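Trainee: based on what follows, work out the 3D shape:
(4 chains)
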2 protein chains.
Amino acid sequence: MKYDHIKQAVYRKIESGEWPEHHPVSSENQLAKEFQVSRMTARRALQELSDEGLVVRTRGAGTFVAPLKSQSALLTIRNIADEIRLRKHRHHAVVRLLEEVDAEPGLATLFGLQQGAKVWHSVITHFENGHAVQVEDRHINPALVPHYLEQDFTLRTPHEYLCEVTPLTEASHQIEAVSPTSMQQQWLDLDQAEPCLQIQRRTWAREGMVSQAVLTHPGSRFRLGGHMTFSQKAKVLKTQTKK
Amino acid sequence: MKYDHIKQAVYRKIESGEWPEHHPVSSENQLAKEFQVSRMTARRALQELSDEGLVVRTRGAGTFVAPLKSQSALLTIRNIADEIRLRKHRHHAVVRLLEEVDAEPGLATLFGLQQGAKVWHSVITHFENGHAVQVEDRHINPALVPHYLEQDFTLRTPHEYLCEVTPLTEASHQIEAVSPTSMQQQWLDLDQAEPCLQIQRRTWAREGMVSQAVLTHPGSRFRLGGHMTFSQKAKVLKTQTKK
DNA sequence: TACATGCTATTGTATATACAACATCAAGAC
DNA sequence: GTCTTGATGTTGTATATACAATAGCATGTA
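Mentor: Residues are numbered from 1 along each chain as shown, chains lettered A, B, ... in the order given. Down below sits the predicted model:
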């Protein structure tokens, strides 16, 4: 499988960070020459990488490493700020906490740190047209993310910062319905405890787990929606059963 | 784009139901002859359909229409009964309501029916190891689904029945956190109103909207989870931005 | 400067061919 | 009946080639 050889070579360049977003990928002819294969074989490698969304190809221009910023709309829940702006609404954020804390035992294990090691912690409330729609309670692995505490998260969300600083490779999510804690209630400006949609998101880079975020949305002000056609459904199914 | 011509021809056969699950698809050579193209062009059509999960290809055997039964794990939320059995737990269902009712105006519009037309309505509680984990409140378009009221839904879930009777082509979902109504609370054997995760699922066939289901889960007994790697994430992203 | 033209590199589509790997079935050997 | 063998059809991989469509750049022109 020569084409798979080429795919993996390109994949390594991207995954290692040697080729960042928008970096040009060798052209079909260059790869064909370099790997001593025909252009059609090199083409297949790039084509499959494109199908998988790792590179973007433009006729006449070339092949480039795909930007990873934008996220799948439904599961990773795109950056809340982008989502709000997409609806042409105003977004602003208020930083409630930004601190260094002792890691809880469970989290220390997930991060691969010693018991009692320090981790970074931020709590940020996101507003849509002046109404609180999400409180983002996030813990960060300081071994993998530099200068987290010095960022101004009213300008750029933690998620955006993480995407820039580290190449994320995996994510897991859990969605559940909960009653907000009194602190969450306060952070969301809720008069009374209403049901909240809570999403736990964990993200990994190649070196290990980068961050855990707990995103809490008031049920009355947030809804998670999606739509898929038959063939798209089948495609998602395939990516999931493949593992 | 000759290859796209072939893709669409095959797609129509599948979508129309003329080729059911596991039905053999014409071979590359047959298609090449039929459409007056080279084998490589016919091959591309089948290959892309395979990438999209519509057909399954086996070297030496041939190409076949893919089984659609299994659903994407995260969004369509696989059949609750399957999910429970997958965890090696006991599942049973209790039918709370199974009746013909007047369609609400909104639903009649969605179904493409006259105001005040009759629709079918079922309410079923699903139990995992004896604990209620979901109440399924479903409305059915009687124009597209036969004999719904005569089914025994303790043996086969409505979702399973619908999948057998009609070829579903699209689905949309909304997820939110709510307080249960008093009826839902009763159907779920809840002592007090706890936050519930509520999923609204609408499904379409080619002829129109088939069904609307509202699935309500007690927050304390249910969690929606998922995991995806980098390249899978990118693939999902692509299918969603494509529209 | 501003615009138009054309050249070149790159990706997209289509074809023809060759061989490899595998599944299925039928005929024959035991 | 059971197993082996081989023929045939199918998909998978790889190559070589041709032309189309587009992007980007450089060059020439007004």
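Trainee: helix or strand for residue A:203, which one?
Mentor: Assigned by DSSP states H and E, residue A:203 belongs to strand A:196-205.
Trainee: could you point out the longest helix of chain A?
Mentor: Counting residues, the longest helix in chain A under DSSP state H turns out to be helix A:2-16.
Trainee: show me what the next helix or strand after it is packed against.
Mentor: Stepping forward along the backbone from helix A:2-16, the first helix or strand reached (DSSP H and E) is strand A:24-25. Applying 3 or more Cβ pairs under 8 Å, 6 or more residues apart in numbering or on different chains; DSSP states H and E, we find strand A:24-25 packed against strand A:62-65. C-beta here means a position set from N, CA and C on the backbone, and glycine is covered the same way.
Trainee: switch to 10 Å and redo it
Mentor: helix A:2-16, helix A:39-51, strand A:55-58, strand A:62-65 (3 or more Cβ pairs under 10 Å, 6 or more residues apart in numbering or on different chains; DSSP states H and E).
Trainee: on that earlier part again, strand B:196-205 and the strand holding residue A:203, what's the angle between them?
Mentor: 80 degrees (axes from the mean of the first three to the mean of the last three Cα atoms, to 10 degrees).
Trainee: what are the buried residues along the next helix or strand after strand A:196-205?
Mentor: Beyond strand A:196-205 in the direction of the C-terminus, DSSP H and E gives the next helix or strand as strand A:208-218. Residues of strand A:208-218 classed as buried: A:209-218 (neighbour count, 16 or more other Cβ atoms under 10 Å in any protein chain shown).
Trainee: just the closest of those to DNA strand C, please.
Mentor: When the buried residues of strand A:208-218 are compared for distance to DNA strand C (Cβ to the nearest atom of the strand), residue A:210 wins out at 31.4 Å.
Trainee: ok, the closest one to residue A:126 distance?
Mentor: Separation of residue A:210 from residue A:126 (Cβ to Cβ, to the nearest Å): 20 Å.
Trainee: list the beta-bridge partners for the residue nearest to residue A:217 when sequence neighbours are not counted.
Mentor: Spatial nearest neighbour of residue A:217, chain neighbours left out: residue A:197 (4.6 Å); criterion: Cβ to Cβ, 6 or more residues apart in numbering or on different chains. Using DSSP bridges, the bridge partners assigned to residue A:197 are residue A:177, residue A:217.
Trainee: quick one: pLDDT of residue A:197?
Mentor: pLDDT, residue A:197: 90.
Trainee: next one: residue A:104
Mentor: Taking residue A:104 on its own, its pLDDT is 91.
Trainee: my guess is it contacts residue A:118. True?
Mentor: No - contact status for residue A:104 versus residue A:118: not in contact, 11.9 Å apart, counting by Cβ atoms under 10 Å.
Trainee: count the residues that sit near the residue nearest to residue A:166 when sequence neighbours are not counted.
Mentor: Leaving aside its sequence neighbours, residue A:166 sits nearest to residue A:205 (Cβ to Cβ, 6+ apart; 4.5 Å). Residue A:205: 21 surrounding residues under other Cβ atoms under 10 Å in any protein chain shown.
Trainee: same check on residue A:40?
Mentor: Neighbours around residue A:40, by other Cβ under 10 Å: 12.
Trainee: OK, contacts around it?
Mentor: A:3, A:28, A:32, A:47, B:40 (Cβ atoms under 10 Å, 6 or more residues apart in numbering or on different chains).
Trainee: now which of the residues you listed would you call buried?
Mentor: Buried, going by 16+ other Cβ under 10 Å: A:3, A:28, A:32, A:47, out of these.
Trainee: before we move on, back to that, for residue B:80, find the nearest of the helices and strands packed on strand A:24-25.
Mentor: helix A:39-51 (32.5 Å; Cβ to Cβ).
Trainee: could you check the angle the closest one makes with helix A:2-16?
Mentor: 40 degrees.
Trainee: so what are the domain limits for chain A?
Mentor: A:2-65, A:80-221 (automatic domain parsing).
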